[in-house]
Structure formats: structure tokens, C-alpha cells
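Asks: the following comprises the amino acid sequence and a computationally predicted model.
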Amino acid sequence: MAALAATGLAEIVAVAEPDDTSAAEALTLAPGARRVDGLEALLATEIDAVVIATPSAAHARQSIAALEAGKAVFCQKPLGRTGPEVAEVVEAARRADRLLGVDLSYRHTAGMAAIRPLLDGGALGHVFGLDVTFHNAWGPDKPWFYDPRLSGGGCVVDLGVHLIDLALWSLGWPEVTGVESRLYAKGAPLADPAAQVEDYTVATLDLAGGTVVRLACSWGLQAGREAVIAAEFFGTEGGASLRNVNGSFYDLRAERHHHIRAESLAEPPDDWGGRAAVDWLARLASGARHDDDTRHLVTVARVIDQIYGR
């Protein structure tokens, strides 16, 4: 909300928030807004767009309701718990011809802004390997994250969605030709995904053209720091990396690699947390409507389904 309000492109007019403390904090950021009771009341107001930041089980249903009401939507990730749910939202955006955005924020870091041109221009040669990692040594603090009916899964749908999106987006959306995965819960192979969520996963994605992506993500790992976040690109003519600094969730450093030498591309601080929302808002303010690139949201969701074996 703070990032959107700071642009001057939007007026925040209404907030639907059931928790009194959270509502008070939201209205501090948007003192001119009024509090309303639920999504239906929100959609009944004179608004152009809705930002959805609710538990994952509600994302698809609420996004579709807003789109069908003629509102543009920016939704927290994941857009849906499964590939079919995500596909339904994307189709609703197409039918309504309304702009749909999702908070896949790592694309918008200064580090990736420096690395992506190297990839697009072929400066690294053929990128044959990509390692993407997100270990959250804490894990979520809300019970619904641990209920697969509400969350759609564990660390993969929570953290892996960022990694898969970043990997495929950075390489120009190559076809995923194969997926292999191992999922664990409390140190043992995940036995019943309908009753328990995974807290550690390793997966391999085979891409058209021969590139291999190695993915690892977790909650509560004994990592020795709060977080381990990385995207590491290995090419025939060089490498590049985006890595967090000193276990931070927010401070990211980008480097270009020349064999054993590293060249700095971007250093913290970088206030990137709200950029995905601001990018969506700027496009909305310029008159943008449905964007065919939303089909890639379905691509990512289907890869997640394959990791889960569903």
C-alpha cells in the first residue's frame, strides 16, 4: 500500500480487512480510505482496481469475482493453489479484458535488472545450468500455511513459485520438457500431500535447448542464517548470480562471473519490495488491459503441479 500510494498514480479509497489492528495500520497508510466489510462491499464501491492479500485458498475465487466485476487485479502469490485454478483466473482476465498482476517481485530487483540483459544479449554464452534456491529458516507463522486444503502445498507453492517464475522468465520462457522432484516433511519423504505439506524440496527441471534448472527450497531448515536466496546462472562464456547478503530477506547482490573472478553488478540497499505492484499500477494508469503474458502464470503453476506429482 505504501509503495502504491507513493507513486501518486492511485487513490486508495477502501480497505476490506477483518482484523481491527491490521485495518488500523492500513488506514494509517491511506487516511482518506474507508473500511468496508468484505470483498462484495469493496467491489460495490467506485473503484478501478483491487489488490488482494488474503490466504491462498481465497486468491483465485476473489480474483475472478473482482475481474468479473470489471476491476483490474493485483494478487499476492500464488494466484491459485493448482494449475487449473490459475488457468481459471487468467481466463477470467481475458474475458473481462482487465489487467491482472501477481506479486512475483524478484523479477523487479536491481540485481535481475542487471543480469537479464546479459542473458538476452548472449554475453554468458549458452546458459546450460541454473541453480535457484530459497531457504526460509523460520517458516510461516500462520496456521493456514500448513493445511494443504488452504495453502495448496508447502514451501514449493510458497517459495518455489518465485524460483520457477524467475528461472523461466529470465531465460525467455523455454518449454519445460521434464520435471523430477523429492519432497520431505519433518525430515522424511512426504507421505500424504492431502494431509501434510512439504518443508523441504529438491527438484530438477529439464528445459528445451538442454538447460537444466536445479531448485531447492525449504521452511525451517538448519541454515545457520535467516534465509538463503540465490539464482546462479552458468554459461559457456561466463556466469552470473543473484544472492542474498548476510542471511537477509531483502539485501541482494548481483555479480557477473569470469571463471574465478567476480564483477559487481548491483549492491544493496535496493527497495524492491513494492516494485511488482508499482509496475502493475503504472501499466494500469497508462490504459493497459488484459496482457497475454499472463499465460506464463499458468506455465509456472503447471510446473508446480508436476513437482507435486499431480
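Replies: Perfect, thanks for sending it.

Asks: all strands for the stretch 1-150 of the chain, in order.
Replies: 14-16, 34-36, 49-52, 72-75, 100-102, 127-136 (DSSP state E, counting those that start in this stretch).

Asks: which parts of the stretch 151-300 of the chain are helices?
Replies: 155, 161-170, 275-285, 295-308 (DSSP state H, counting those that start in this stretch).

Asks: out of those, which comes closest to Gly235?
Replies: Comparison of these against Gly235 by C-beta to C-beta identifies helix 161-170 as nearest, at 12.0 Å. For every residue, glycine as well, the C-beta is placed using N, CA and C.

Asks: which elements pack onto that closest one?
Replies: Applying 3 or more C-beta pairs under 8 Å, 6 or more residues apart in numbering; DSSP states H and E, one finds that helix 161-170 contacts helix 110-120, strand 127-136, strand 212-219, strand 227-235, helix 295-308.

Asks: next, the angle from the fourth one to strand 127-136.
Replies: Orientation of strand 227-235 against strand 127-136 (axes from the mean of the first three to the mean of the last three C-alpha atoms, to 10 degrees) gives an angle of 180 degrees.

Asks: let's have the chain start at 563 instead
Replies: From this message on, residue numbering opens at 563, which makes the last subject strand 789-797.

Asks: I'd say Arg805 and Ala792 touch.
Replies: Yes: shown here, Arg805 and Ala792 form a contact pair, counting by C-beta atoms under 8 Å, at 4.6 Å.

Asks: if we can go back for a sec, for His852, find the nearest of the strands of the stretch 563-712 of the chain.
Replies: For the strands of the stretch 563-712 of the chain, the distance to His852 is smallest for strand 662-664, at 7.2 Å, taking C-beta to C-beta.

Asks: returning to what we had before: could you redo the helices and strands packed on helix 723-732 as TSV and give each row mean neighbour count and distance to Gln638?
Replies: As requested, the helices and strands packed on helix 723-732 are exported to TSV (neighbours: other C-beta atoms under 10 Å; distance: least, C-beta to C-beta, whole Å):
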stretch	mean neighbour count	distance to Gln638
helix 672-682	18	20
strand 689-698	21	16
strand 774-781	22	17
strand 789-797	21	18
helix 857-870	22	13
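
Asks: with respect to Trp735, which of these lies nearest?
Replies: The closest of the helices and strands packed on helix 723-732 to Trp735 is helix 857-870. By C-beta to C-beta, the value is 5.8 Å.

Asks: now do the contacts for Arg864.
Replies: Neighbouring residues of Arg864 by C-beta atoms under 8 Å, 6 or more residues apart in numbering: Gly645.

Asks: got a list of what the spatially closest residue to Ala699 that is not a sequence neighbour touches?
Replies: Closest residue to Ala699 apart from its sequence neighbours, by C-beta to C-beta, 6 or more residues apart in numbering: Ala785 at 4.5 Å. By C-beta under 8 Å, 6+ apart, the residues touching Ala785 are 697, 699, 809.

Asks: repeat that for Pro580.
Replies: Contacts of Pro580 by C-beta under 8 Å, 6+ apart are Gly600.

Asks: what's the distance between it and Ser713?
Replies: Using C-beta to C-beta, to the nearest Å, we find Pro580 at a distance of 19 Å from Ser713.

Asks: tell me who's in contact with Arg818.
Replies: When contacts are counted by C-beta under 8 Å, 6+ apart, Arg818 touches 677, 680, 800-802, 824-825, 827.

Asks: most neighbours out of the residues you listed, which is it?
Replies: Per-residue neighbour counts (other C-beta atoms under 10 Å) across those peak at Ala802, which has 28 neighbours.

Asks: and that one, what pLDDT?
Replies: On pLDDT, Ala802 comes in at 98.

Asks: I'd like to know how far it sits from Asp610.
Replies: 39 Å.
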